[in-house]
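> Need the 3D shape of this:
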Amino acid sequence: MDGVPSEYNSQTIIDEAESKLQSEGVQAAQIVYQSALLDWTDDVTMGDGGTIQTDRVKEEIAKLWLAYADLNKRNNLVSSV
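Got it, this is the predicted structure:
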């Protein structure tokens, strides 16, 4: 991930959520996504002294939202209307 610190790697969160889905269920997986989305959004909006590349982190946040939506769709928690 060029320019994205490891703590903002969406694939890491996606992998963790999939693992939680298998071991603990959909609610545990949702919490993984929700926690990362809240934390990362706070980091971008509140800023941390300019040490993160906000555009790159925003891209990772978008990837998380899409993966979170996919998790919910795969588990019939949203309609695909």
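> Could you check how far the closest residue to Val26 other than its chain neighbours is from Ala29?
Nearest residue to Val26 in three dimensions, chain neighbours excluded: Asn75, at 4.8 Å (C-beta to C-beta, 6 or more residues apart in numbering). C-beta coordinates here come from the backbone N, C-alpha and C atoms, glycine included. Per C-beta to C-beta, to the nearest Å, Asn75 is found 9 Å from Ala29.
> cool, Asn76 as well?
14 Å.
> So those two - more neighbours on which side?
Between Asn76 and Ala29, Ala29 has the larger neighbour count (other C-beta atoms under 10 Å), namely 24 against 9.
> Please verify my assumption that that one contacts Leu71.
Yes. Contact status for Ala29 versus Leu71: in contact at 5.9 Å, counting by C-beta atoms under 8 Å.
> residues shared between the contacts of those two?
Overlap of the contact sets of Ala29 and Leu71 (by C-beta atoms under 8 Å, 6 or more residues apart in numbering) consists of 17, 21.
> ok, which stretches of this protein are helices?
Assigned by DSSP state H, the chain shows helices spanning 10-24, 26-46, 54-74.
> Output the ones you listed in a markdown table; the columns should cover mean pLDDT.
Listed next are those as a markdown table, based on pLDDT from 0 to 100:
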| stretch | mean pLDDT |
| --- | --- |
| helix 10-24 | 97 |
| helix 26-46 | 95 |
| helix 54-74 | 95 |
